[in-house]
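Colleague: dropping a prediction and its sequence here:
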Amino acid sequence: MAAGGAGRAVLACGSGNGVAIVANKVAGIRAVNAHDAEEAEMARRHNDSNCLTLGGRVLDDQTALEIVRIWLETPFDGGRHERRLAKIAEIEKKSCGC
């Protein structure tokens, strides 16, 4: 994703936390560990999340599939939320020297 090969990614581990922490270390990645469809939707609408992480030990299959579906289908709202993304990009730029 960071190299431009994919627009989005879905990662999983036992809780979803470990892969979210690692993914968020990469500039340009905005990973969210969603536990339900509402969290997934808001992560896309307001934060333009481009990486979804899931916990295999904490989600049943049906819930995980619904979260992925909602996350993939939900667009970024843009507008006032674009300022937040610019702030995130500036922090990344300062912290990695990119």
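Modeller: Yep, that arrived.

Colleague: use CA for all of it now, contacts and neighbours both
Modeller: Fine.

Colleague: show me what the top helix by length along the chain is packed against.
Modeller: Across the chain, the helix with the greatest residue count (assigned by DSSP state H) is helix 81-96. Contacts defined by 3 or more CA pairs under 8 Å, 6 or more residues apart in numbering; DSSP states H and E place helix 81-96 against helix 37-47.

Colleague: now the helix it packs on: buried residues?
Modeller: For helix 37-47, a neighbour-count test (16 or more other CA atoms under 10 Å) marks 37, 39, 40, 41, 42, 43, 44, 45, 46, 47 as buried.

Colleague: do stretch 72-88 as well
Modeller: 72, 75, 76, 85.

Colleague: tell me the mean pLDDT over that stretch?
Modeller: Mean pLDDT, stretch 72-88: 94.

Colleague: got it, and stretch 15-30?
Modeller: Averaging pLDDT along stretch 15-30 gives 94.

Colleague: and the contacts of it?
Modeller: 1-2, 11-13, 31-33, 47-58, 89, 92-93, 96 (CA atoms under 8 Å, 6 or more residues apart in numbering).

Colleague: again, 6 Å this time
Modeller: The contact list for stretch 15-30, computed with CA atoms under 6 Å, 6 or more residues apart in numbering, reads 31, 33, 49, 50, 51, 53, 54, 55, 92.

Colleague: weed out the non-buried ones from those residues.
Modeller: For the contacts of stretch 15-30, buried by 16+ other CA under 10 Å: 31, 33, 49, 50, 51, 53, 54, 55, 92.

Colleague: is the first one in a bridge, and if so with what?
Modeller: What it means is residue 31. Counting by DSSP bridges, residue 31 is bridged to residue 51.

Colleague: rewinding a little: got a list of contacts for the longest helix of the chain?
Modeller: 27, 46.

Colleague: with stretch 59-68 instead?
Modeller: Stretch 59-68 is contacted from outside by 36, 37, using CA under 6 Å, 6+ apart.

Colleague: how far off centre is it?
Modeller: In terms of CA atoms, centre = their mean, to the nearest Å, the centre of stretch 59-68 is found 16 Å from the chain centre.
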